[in-house]
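K.L.:
Quick one, structure for this:
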Amino acid sequence: MKYFHEKIEAKWQQYWAENQTFAASNNSDKPKYYVLDMFPYPSGAGLHVGHPLGYIASDIVARYKRHKGFNVLHPQGYDSFGLPAEQYAIQTGQHPEKTTRENIARYREQLDKIGFSFDWSREVRTSNPDYYKHTQWIFIQLFNSWYNNDTDKAEDIATLVSIFENEGNANVNSVCDDNVAPFSAEQWNAFSSEEQQKILLQYRLTYLAETEVNWCPALGTVLANDEIVNGVSERGGHLVIRKKMTQWSMRISAYAERLLQGLETIDWTESLKESQRNWIGKSVGAHVEFRVQNSEFRIPVFTTRPDTIFGVTFMTLAPEHELVAQITTPEQKVAVEAYIEATAKRSERERMADIKTISGVFTGAFAEHPFTKEPIPVWIGDYVLAGYGTGAVMAVPCGDERDYAFANFFRGTNGMPAIKNIFNQDISEAAFAEKSGFELVNSDFLNGLDYKNGTKKVIEELEKIGQGKGKTNYRLRDAVFSRQRYWGEPFPVYYVNGLPQMIDAKHLPIVLPEVEKYLPTEDGQPPLGNATNWAWDSVQCSVVSNQLIDNKTIFPLELNTMPGWAGSSWYWMRYMDAHNEGEFASQDALKYWENVDLYIGGSEHATGHLLYSRFWNKFLKDRGFAPTEEPFKKLINQGMILGMSAFVYRSEDSKKLYSKGLIKELNVHPIHVDLAVINDITNELNIEAFKNHPLYADYKDAEFILEEGKYIVGREVEKMSKSKYNVVNPDDICEQYGADTLRLYEMFLGPLEQAKPWNTAGITGVSGFLKKLWRLYFDDNGLIVTNDEPTAEMYKSLHKTIKKVTEDIENFSFNTSVSQFMICVNELAQLKCNHRKILEPLAIIVSPYAPHIAEELWSQLGHEGSISTVDFPVFEEKYLVESEKEYPVSFNGKMRFTIKLPLDLTAAQIEEIVMNDERTQQQLQGRTPNKVIIVPGKIINLVG
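P.N.:
Numbers count the residues shown, from 1 in each chain. Below you'll find the model as predicted:
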């Protein structure tokens, strides 16, 4: 009976689907285990073999936990709002929903072929109205909340209104906009409704504000920092500039400290935690205000070194700082405006990373030192960012390398005085940036003090004169939440006199309208401005031409859509109760599943999705909608499977193509080659296939310079990418070798967290292993399994494997389990094992890795139903305890023979047996040894 993977895998995939084998229950006496993959964006390219790596690992854990008696939730869905579908719609006119639906169908087909144990009954799609209805609802809750620093949590905005009505805002300790004007209860109660609404916007957790954003003209939208790479858009490589726009923002900064502290409670890698710590960027120092000379303006600064205040030589503002236009002198206006225009073309990340380029312009204005009252020139420079801190720095060149370089670069120019040295250290060659080993000099009342005492003293003095105070600052900035796109969640927002109002939750979802085109309108509005018929099911109100009609009054709607991270910031909770129409999940479901026990996904989401998800989870916990503070208990970042690219080498004139071995001394240019036209094992190019390939039409008449009659391509390990033509389709592997082979091979490639190259040639070994496994159970005539009692060696091989595989899965070391399976099968084959007591448990322990063949073996052994919930075999130490030892018997240190003896013998008993052995007598030839050295369990040596 032969192993036909095609029939077996199709059979069991159909069985699992028809019987809902992996559907989890929200009511179970079993302990729960929630294992989740970061859900994919369904791109048109489909999956390549690198995509399933994390899914296979999580599936092994999910299947193992079911064997261990857990009620396992292992769902899957799609992060289905995204820019690629919208770009395709702009190019072709095809609705993004149709493109997305087709792409999802392709993804589902591919995922099913690999045999994942997903609970598809809970599938979610972020672009479905029944899903984003709840995203819109969460947005409304954020709008109706403020952050109370006294209770250290978000609260209903009604509690803040109550405080205002009774006390005003003098004693309110909250996270809010800077420079909120103080008012009394009497004043609040006398304010108009519009005035009150404007004040509340300064406190809400989601709010409208004019913000410096990353604007991509080619894509027609704002991009987040993590969507920009090297100053251009990650999608398409388009120019990104900085500009001011009125945008929705999320007050994630309110949660900065909790996001930091929460990292200590979760099982994530230290490198991932450090990425978030650096992004949050906590620093302790002082807030200082510098008056601008001859004006009412003040420049607020946050500094971690207030002790160096007497070393301030100049000040630098971000080019986008709101004061720049107001304080720049007429003489400097042209230079300043030109610099601002040039800086707008560089992203914040590019400016932060570029530490070599020095540029700036003097504004012509001067600030006033808080204590000496001396004039301080005010510059602008792109190394200062408007969104970090206050967008201004007090430059102390003697104590900061970047300020030192800036001052020296512009030394002698208008507006750059000599560097002030406040340390008893030499700064002729470099700044002194240490926090110890110095005393302050030239610093008035700080003279003689060190960093710690100087910091404390200067804060006290700043507070006395009303120009500063101690402060903790965070690099983490509020997240821009608006996108000028069509394909995203509509905001549940309309406007009355320019102020945002929330549409009543009973009218949700606000469904995306149909539009004729997906570009911005002619007057620059987002694509939703093209909608002429936008309505939802409601008796009370409807929408026509982008306006809300309520009781015959017309109000404009919000035309931006939410960003790509909106739907992914809470999706793990929807899986808990995916068909609940009334709420995103019931309290019973949330209480049962709590949070994700194991989360697997790429490290590229460290400061995007993973930070936003933690923020939303904490917010929902504050408001009583989520049961836990953190969403993901344990997180593993899977490594990347790299592609093995192929290259041909063209001459300068493109008339010749040289084989790899001939290019050493030549000036040639490598060209990526589609893997379809090479032999992946021998690396030989199929020249005719290459010539006929549409990608290489330019080389149809080229001369191929061969080596030994063959054209050998070059190979190089690179990121697997469609553009590099090195993508390997998992469908092809499943068809040729089987899904179980693919699953085992991806795990066998190396540790889950590491990057590793794909090599199709290596897959044959894993395929051969599965055939060997099959032959333990079957010969050409059918099942050969017997009920005979296994030997001790058979038990030993099985239990070594049970022990190893159990430990490996618990420690997520999946690659070494595959090696152990191979060792075990080889050992059992040599022992001619076809014993049921060995082969039944072997099928179970193989099941998480190779579920199709395991199901078939289990069925052929006479069992009903699926193997998926059969108890996992338990390791028993007794089968690994050795009862005998094969001793080497040496004479004068030279081993002459071996003897197998029980391990419980004493040294005297061992000596007696060895001395009476015929082989010993032959070696001694009647002589008596001078000494017999015996170490029980180790050695036997006869000397003399």
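K.L.:
Quick check on the residue lying closest to P217 once chain neighbours are set aside: phi, psi?
P.N.:
With C-beta to C-beta, 6 or more residues apart in numbering as the criterion, P217 has its nearest non-adjacent residue at 6.8 Å, and that residue is L239. No exception for glycine: its C-beta is placed from N, CA and C like everyone else's. Main-chain torsions, L239, degrees, to the nearest 10: phi -60, psi 140.
K.L.:
pretty sure L239 is in contact with L219, am I right?
P.N.:
No: the pair L239 and L219 fails to qualify as a contact (C-beta atoms under 8 Å) at a distance of 9.9 Å.
K.L.:
Quick check: neighbours shared by these two?
P.N.:
Here L239 and L219 share the contacting residues S233, scored by C-beta atoms under 8 Å, 6 or more residues apart in numbering.
K.L.:
the more surrounded of these two?
P.N.:
Neighbours were counted for L239 and for L219 using other C-beta atoms under 10 Å; L219 has more, 22 against 14.
K.L.:
before we move on, the earlier item: residues contacting the residue nearest to P217?
P.N.:
Residues counted as contacts of L239 (C-beta under 8 Å, 6+ apart) are 216-218, 231-233, 345.
K.L.:
in what helix or strand does S890 lie?
P.N.:
Here S890, judged by DSSP states H and E, is contained in strand 884-891.
K.L.:
Parallel or antiparallel, list what pairs with that strand.
P.N.:
Strand 884-891 has its sheet partners listed here by DSSP bridges as strand 894-902 (antiparallel), strand 939-943 (parallel).
K.L.:
Those strands: which one's closest to L611?
P.N.:
strand 939-943 (60.5 Å; C-beta to C-beta).
K.L.:
residues of that closest one that come out buried?
P.N.:
940-942 (16 or more other C-beta atoms under 10 Å).
K.L.:
Quick check, central residue of this structure?
P.N.:
H605 (2.4 Å; C-alpha atoms, centre = their mean).
K.L.:
Got phi/psi on that one?
P.N.:
phi -100, psi 10.
K.L.:
so it makes contact with F39?
P.N.:
No: taking contacts as C-beta under 8 Å, H605 lies outside contact range of F39: 11.4 Å.
K.L.:
re earlier: and the buried residues of strand 939-943, which is closest to P397?
P.N.:
The nearest member of the buried residues of strand 939-943 to P397, counting by C-beta to C-beta, is N941 at 76.6 Å.
K.L.:
which residues touch the closest one?
P.N.:
By C-beta under 8 Å, 6+ apart, the contact set of N941 is 890-893, 932-934.
K.L.:
again with K517
P.N.:
If you count contacts by C-beta under 8 Å, 6+ apart, K517 has them with 90, 93, 527, 530.
K.L.:
can you check A505 too?
P.N.:
Residues near A505 by C-beta under 8 Å, 6+ apart: 137, 140, 492.
K.L.:
Over to E789?
P.N.:
835, 837 are the contacts of E789 under C-beta under 8 Å, 6+ apart.
K.L.:
Can you check the pLDDT for it?
P.N.:
At E789, the pLDDT value in this model is 96.
K.L.:
how about the helices of the stretch 101-250 of the chain, start to end?
P.N.:
Counting by DSSP state H, counting those that start in this stretch, the segments of the stretch 101-250 of the chain that form helices are 129-143, 157-167, 185-190, 193-201.
K.L.:
So which residues make contact with the shortest one?
P.N.:
By C-beta under 8 Å, 6+ apart, the list of residues contacting helix 185-190 from outside reads 164-169, 196, 199.
K.L.:
Report the buried members of these.
P.N.:
Neighbour-count burial (16+ other C-beta under 10 Å) applied to the contacts of helix 185-190 gives 164, 168-169, 199.
K.L.:
Just name the closest of those to V284, please.
P.N.:
Comparing the buried ones among the contacts of helix 185-190 against V284 with C-beta to C-beta picks out N169 as the nearest, at 26.0 Å.
K.L.:
Distance of the closest one relative to N225?
P.N.:
Distance of N169 to N225, given as C-beta to C-beta, to the nearest Å: 32 Å.
K.L.:
Repeat that for R242.
P.N.:
11 Å.
K.L.:
who's more crowded, those two?
P.N.:
When R242 and N225 are compared for neighbours, R242 comes out ahead with 23 against 17, by other C-beta under 10 Å.
K.L.:
give the contact list for the more buried one.
P.N.:
Residues near R242 by C-beta under 8 Å, 6+ apart: 212-215, 320, 343-344, 346-348.
K.L.:
Could you do E368 as well?
P.N.:
290-293, 374-376.
K.L.:
tell me the two of these that are most distant?
P.N.:
By the measure C-beta to C-beta, V292 and E374 form the most distant pair in the contacts of E368, at 13.8 Å.
K.L.:
Compare the two (neighbour count), which wins?
P.N.:
More neighbours surround V292 than the other of V292 and E374, with 20 against 13 (other C-beta under 10 Å).
K.L.:
thought the more buried one was touching A365?
P.N.:
Yes: assessed by C-beta under 8 Å, V292 is found in contact with A365 at 6.1 Å.
K.L.:
which neighbours do those two share?
P.N.:
327, 378.
K.L.:
Can you give the distance from the helix or strand where T99 lies to the centre of its chain?
P.N.:
If you go by DSSP H and E, T99 is part of helix 96-113. How far helix 96-113 lies from its chain's middle: 23 Å, per C-alpha atoms, centre = their mean, to the nearest Å.
K.L.:
Can you name every helix or strand that that helix contacts?
P.N.:
Counting contacts by 3 or more C-beta pairs under 8 Å, 6 or more residues apart in numbering; DSSP states H and E, helix 96-113 packs against helix 5-19, helix 83-92, helix 730-736.
K.L.:
How about it, which residues are buried there?
P.N.:
The neighbour-count check on helix 96-113 (16+ other C-beta under 10 Å) flags 96-97, 99-100, 103-104, 106-108, 110-113 as buried.
K.L.:
How about stretch 369-381?
P.N.:
Buried residues in stretch 369-381 (16+ other C-beta under 10 Å): 369-371, 376-381.
K.L.:
before we move on, the earlier item: ok, of the contacts of E368, which one's closest to K756?
P.N.:
F290 (54.7 Å).
K.L.:
ok, now how distant is S436 from P527?
P.N.:
Distance from S436 to P527, counting by C-beta to C-beta: 57 Å.
K.L.:
neighbour count winner among the two?
P.N.:
Neighbour totals were compared for S436 and P527, and P527 leads with 26 against 7 (other C-beta under 10 Å).
K.L.:
Thought R483 was touching that one, still the case?
P.N.:
No: taking contacts as C-beta under 8 Å, P527 lies outside contact range of R483: 10.2 Å.
K.L.:
In the stretch 351-500 of the chain, mark out all the strands, start to finish.
P.N.:
361-368, 375-380, 392-395, 468-474, 479-480, 493-496, 499-502 (DSSP state E, counting those that start in this stretch).
K.L.:
Just the C-alpha atoms of the fourth one, please, in PDB.
P.N.:
Listed in PDB are the C-alpha atoms of strand 468-474, where the atom choice follows Å, rounded to 0.1, in the frame of the first residue of the first chain:
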ATOM      1  CA  GLY A 468      10.100  76.500  34.200                       C
ATOM      2  CA  LYS A 469       9.400  73.300  36.200                       C
ATOM      3  CA  GLY A 470      10.600  69.700  36.400                       C
ATOM      4  CA  LYS A 471       9.000  67.400  33.800                       C
ATOM      5  CA  THR A 472       9.000  63.900  32.400                       C
ATOM      6  CA  ASN A 473       8.800  63.800  28.600                       C
ATOM      7  CA  TYR A 474       8.100  61.100  26.100                       C
END
